[in-house]
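Novice: got a predicted structure here, sequence first:
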Amino acid sequence: MLNVRGLDQYYGGSHTLRGIDLDVPEGTCTALLGRNGVGKTTLLRCLIGELPVARGTVQLGGEDLTALPSYERARRGMGYVPQGREIFSRLTVGENLAVGESAARGATAPLSELEALFPILRTMRHRRGGDLSGGQQQQLAIARALISRPRLLLLDEPTEGIQPSTIKEIGRVLRALLERKMTIILVEQYLDFALELAEHCAVLSRGEIVLRGRITELEPAQVRRHLAV
Ligand SMILES: Nc1ncnc2c1ncn2[C@@H]1O[C@H](COP(=O)(O)OP(=O)(O)O)[C@@H](O)[C@H]1O
Ligand SMILES: [Mg+2]
């Protein structure tokens, strides 16, 4: 469903992504792993169109999105949950969701559907984003991405700095989304969480994919070796 070919990205003179090829099959989760600073967030931002690329192509469902700005990619079905969540702290939960709604092209997900996935959002609807805990903000960030009914969800370290009980909640929601044939790219440092959800994985090192495959066919030890500091 997502096909990336030969992606190169630079921050000024620094060559951050090098010849990235990535295929993400529909209705599955692909984990994107790697140590800090290898380019995971940069890659997601290139996919969503927040950062320009020097070379390469990004296709979604056979359509070439490479030249499109991020809002057009969102309208074609990409949902993005940024690292650190980026909730609007002075807006209420309901207003944060409304911002997500503005990214949609067609019908949006009803609030009741999102609140069924994340019951905490119902009780918090009139609270300011900044008053929520980290875990609640993460759930809000995921709901904000889901409101536009994406086909592909890009998640950047959703478990970072979050309590185990909320991590379980998030895992449960992601599994429910996969059952409904959502396609997910999951950037994670929390390896066990990623391996539980993902069918495929790709490991980045210094801007290059150095290991990839089906989770069932990879040795966990081999993956861990690439992630060890
Ligand atoms: N806006 C930026 N300008 C310049 N360099 C950046 C910027 N963002 C990230 N980098 C650098 O690019 C590299 C990859 O960063 P990043 O994609 O955030 O890695 P990861 O998400 O894997 O931790 C790092 O060396 C980082 O310092
Ligand atoms: Mg990152």
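Specialist: Good, I have the coordinates. Ligands and ions are numbered 1, 2, ... in the order given.

Novice: mind checking the SS state of Gln59?
Specialist: The assignment at Gln59 comes out as strand when based on DSSP: H, G, I helix; E, B strand; the rest coil.

Novice: which residues touch it?
Specialist: Counting by C-beta atoms under 8 Å, 6 or more residues apart in numbering, Gln59 makes contact with 2-5, 65-66. Backbone N, C-alpha and C define where each C-beta goes, glycine included.

Novice: how far away is it from Gly37?
Specialist: Going from Gln59 to Gly37 by C-beta to C-beta, to the nearest Å gives 28 Å.

Novice: correct me, but Gly135 touches Glu160?
Specialist: No. Gly135 is not in contact with Glu160 according to C-beta atoms under 8 Å; the separation is 10.6 Å.

Novice: more neighbours, the two?
Specialist: Here Gly135 and Glu160 are compared on neighbour count by other C-beta atoms under 10 Å; more neighbours surround Gly135, at 21 against 16.

Novice: where does that one land in three-state SS?
Specialist: If you use three-state DSSP, then Gly135 falls in the helix class.

Novice: contacting residues around it?
Specialist: Counting by C-beta under 8 Å, 6+ apart, Gly135 has contacts 162-163, 165-167, 169-170.

Novice: how close does it get to Gly100?
Specialist: Applying C-beta to C-beta, the value for Gly135 to Gly100 is 18 Å.

Novice: longest helix in the protein, please.
Specialist: Scanning the chain for the helix with the most residues, using DSSP state H, yields helix 164-179.

Novice: in ChimeraX, how would I select just the buried ones from the contacts of Gln59?
Specialist: One line in ChimeraX is enough to select the buried ones among the contacts of Gln59; burial here means 16 or more other C-beta atoms under 10 Å:
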select :2,4,65,66
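
Novice: can I get the CA coordinates of stretch 31-51 in CSV?
Specialist: The C-alpha coordinates for stretch 31-51 follow below in CSV (Å, rounded to 0.1, in the frame of the first residue of the first chain):
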residue,chain,number,x,y,z
ALA,A,31,7.8,-1.5,12.8
LEU,A,32,10.5,1.0,12.1
LEU,A,33,13.3,0.5,14.6
GLY,A,34,16.7,1.9,15.3
ARG,A,35,18.8,3.8,17.9
ASN,A,36,18.3,7.5,18.7
GLY,A,37,19.3,9.8,15.9
VAL,A,38,19.4,7.3,13.0
GLY,A,39,16.6,9.1,11.1
LYS,A,40,13.3,7.5,12.0
THR,A,41,11.4,10.7,12.7
THR,A,42,13.0,12.3,9.7
LEU,A,43,11.7,9.4,7.5
LEU,A,44,8.2,9.8,8.8
ARG,A,45,8.3,13.5,8.2
CYS,A,46,9.4,12.9,4.7
LEU,A,47,6.6,10.4,4.2
ILE,A,48,3.9,12.8,5.4
GLY,A,49,5.5,15.6,3.4
GLU,A,50,6.6,17.9,6.2
LEU,A,51,10.2,17.7,4.9
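
Novice: before we move on, the earlier item: mind listing what's buried in the longest helix of the chain?
Specialist: Going by neighbour count (16+ other C-beta under 10 Å), the buried part of helix 164-179 is 166-167, 169-170, 173-174, 177-178.

Novice: ok, now stretch 112-132?
Specialist: For stretch 112-132, the buried set under the neighbour-count rule, 16+ other C-beta under 10 Å, comprises 114-115, 117-118, 120-121, 124, 128-129, 132.

Novice: same question, stretch 70-87
Specialist: If you call a residue buried by 16+ other C-beta under 10 Å, then stretch 70-87 has these buried ones: 70, 73-74, 76-83, 85, 87.
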